[in-house]
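S.K.: fold the following.
(one chain, ligands or ions: 1)
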Amino acid sequence: MASAASSLISRLLPVLDGFAIEVPSWGFADTGTRFGKFVQDAAAIDLSDKLSDAGHVHALTGCCPTVAVHVLWDFKPGQDPKAVAKLAEEKGTRIGSINPNLFQDQEYKWGSFSNADAAVRARALQHCYDSVAIGKAVGSEYLSLWFADGTNYPGQESIRARKQRFEEALKALHKRLAPGQTMLVEYKPFEPAFYATDIADWGMAYVLSKKAGPRAKVLVDTGHHYSGQNIEQIVAFLLDEGMLGGFHFNDRRYADDDLTLGSIDPYQVFRIFHEIHSFTAERGEAPKIAYMIDQSHNEKPKIEATLQTVMMAQELFAKAALVDHAALLRAQQAQDVVSAELELKKAFFTDVSPALKVWRKQKSLPADPLVAHRKSGYAAAAGRERAQRRKDLGISAGGSYA
Ligand SMILES: [Mn+2]
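M.R.: Down below sits the predicted model:
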């Protein structure tokens, strides 16, 4: 038994070394739904707070070295990106993916890249070019694109014309990417457009990325699918085509894509990771994938929810690495469906906590990041200081998402 346990640990240590996941700056701020927003004293007010919280999460977990930023929410006009990168470093984190904001301004009522008005499309593109420049200045590899574009009623506009405008704008943007940058194209089947979302599924994101250029890849947000959709199949398909660029992890039950990863269906996340490990085993090297979290926490304390997510991702990534690919292949070749499925189940139900414990100890990290955070007093101190600062700044509860 002792040797089986230690072999499991030695198998998993390099797996854990190879896993990093990006936290979103907006996951630390007060967010809500379109119905309302419930504020928390310890929620981040500004970029500096968000970077502090992200640095704190990385210090506890050792696997979140970067933080995704939203250009409009996090960067003030004229703010020096290099100064932001320096501030991030001071807080123990780095700026990761750059997320342009093409859905909030009044100009985008009828869309951004698919807007019939060329001036609005130019404005949206310019915002993306500015985002590319910010990314270049802070050394970010990823420009992460999500579009709220779509129509609300049948007949409202030509679906094909909107598609063509998207093709054109994405091509133009691809030309302006800085060396080493990749653009990730995200899809979502619904919301905020109720009739036709312009990039509604992975197939549309795939076609548009392919047409944009070689450095455009598809981003899979796990929450952006219809109920019952087989996400690992999409992942496997995109991997095989060399078109999987990254993930936005979260979970969902109905339409909300902001639930904590693995809170609803951890086995689904395991199956996604299994497809990646299986691809890696076959090719002999891990594909380059940006693992990112896209969640906002309306009820849970922000940092606790983030830690829960990161720890869940790490655990499921490790479990999925335990699938015995040779045994699975034998079962598949023998058409032994039961044994094949059991290979996955066996890995899923293996306790990987001893390996996580050793890995954390080796890195001088707390054995349980969540417990360590609760003991640290960080949230209480942030709550006191930020509540006072809110009062001083005259900030009160808002009614919108961000
Ligand atoms: Mn997303």
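S.K.: can you list the weak-confidence ranges in this protein?
M.R.: 1-2, 397-402 (pLDDT under 70).
S.K.: redo that, cut-off 50
M.R.: Within the chain, the stretches with pLDDT under 50 are 399-400, 402.
S.K.: next SSE after the longest helix out of those in it?
M.R.: In the chain, with assignment by DSSP state H, the single longest helix is helix 118-138. The C-terminal neighbour of helix 118-138 among helices and strands, as given by DSSP states H and E, is strand 142-145.
S.K.: helices or strands up against that next one?
M.R.: Contact here means 3 or more CB pairs under 8 Å, 6 or more residues apart in numbering; DSSP states H and E; on that basis strand 142-145 packs against strand 94-99, helix 118-138, strand 182-186, strand 244-249, strand 290-293. In this view, the C-beta of every residue, glycine as well, is placed from N, C-alpha and C.
S.K.: for the ion, which of the ones you listed is the nearest?
M.R.: strand 244-249 (3.5 Å; CB to the ion).
S.K.: and the closest one with strand 182-186, angle?
M.R.: Angle of strand 244-249 versus strand 182-186, following axes from the mean of the first three to the mean of the last three CA atoms, to 10 degrees, is 50 degrees.
S.K.: adjacent strands (with direction) for strand 244-249?
M.R.: Taking DSSP bridges as the criterion, strand 244-249 forms sheet pairs with strand 216-221 (parallel), strand 290-293 (parallel).
S.K.: what's the offset of it from the middle of its chain?
M.R.: Mean C-alpha position of strand 244-249 versus that of the full chain (CA atoms, centre = their mean, to the nearest Å) differs by 6 Å.
S.K.: about what we covered before: what's the most buried one of the strands paired with strand 244-249?
M.R.: strand 216-221 (a mean of 25; mean count of other CB atoms under 10 Å).
S.K.: how about that one and the ion, touching?
M.R.: Yes - using CB under 5 Å from the ion, strand 216-221 reaches the ion at Asp221.
S.K.: ok, and what's touching the longest helix of the chain?
M.R.: Helix 118-138 has contacts (CB atoms under 8 Å, 6 or more residues apart in numbering) with 71, 75, 81-82, 84-85, 88, 94-95, 98-102, 107-108, 110-115, 140-143, 145, 165, 169, 172-173, 176-178, 181.
S.K.: buried set for it?
M.R.: 120-121, 123-125, 127-128, 130-132, 134-138 (16 or more other CB atoms under 10 Å).
S.K.: what's the angle from that helix to strand 182-186?
M.R.: Using the same axes, to 10 degrees: helix 118-138 against strand 182-186 is 130 degrees.
S.K.: up against the ion, what does the stretch 201-350 of the chain have?
M.R.: Asp221, His248, Asp294.
S.K.: burial check on the nearest residue to the last one once chain neighbours are set aside, number of neighbours?
M.R.: Looking back up the chat, that one is Asp294. Distances taken as CB to CB, 6 or more residues apart in numbering place His248 nearest to Asp294, at 3.4 Å, with adjacent residues excluded. Using other CB atoms under 10 Å, His248 has 25 neighbouring residues.
S.K.: name all residues that make contact with His248.
M.R.: Glu186, Leu219, Val220, Asp221, Thr222, Gly223, His224, Met292, Ile293, Asp294.
S.K.: what's the distance between the fifth one and Lys357?
M.R.: Look at Thr222 and Lys357: by CB to CB, to the nearest Å, they are 27 Å apart.
S.K.: which of these two has more neighbours?
M.R.: Each of Thr222 and Lys357 has its neighbours counted (other CB under 10 Å); Thr222 has more, 21 against 14.
S.K.: thought Glu232 was touching that one, still the case?
M.R.: No - with contact defined as CB atoms under 8 Å, Thr222 does not count as touching Glu232 (10.1 Å).
S.K.: need the overlap of contacts for the two.
M.R.: In contact with both Thr222 and Glu232: Gln268, Ile272, using CB under 8 Å, 6+ apart.
S.K.: so for Leu13, which of the helices and strands packed on strand 142-145 sits nearest?
M.R.: strand 290-293 (18.5 Å; CB to CB).
S.K.: which stretches of the stretch 51-200 of the chain form helices?
M.R.: 71-74, 81-90, 118-138, 159-175 (DSSP state H, counting those that start in this stretch).
S.K.: swap in the stretch 251-400 of the chain?
M.R.: Using DSSP H, counting those that start in this stretch, helices in the stretch 251-400 of the chain cover 266-283, 302-320, 325-333, 337-348, 353-362, 369-376, 378-393.
S.K.: out of those, which one sits most buried?
M.R.: helix 302-320 (a mean of 24).
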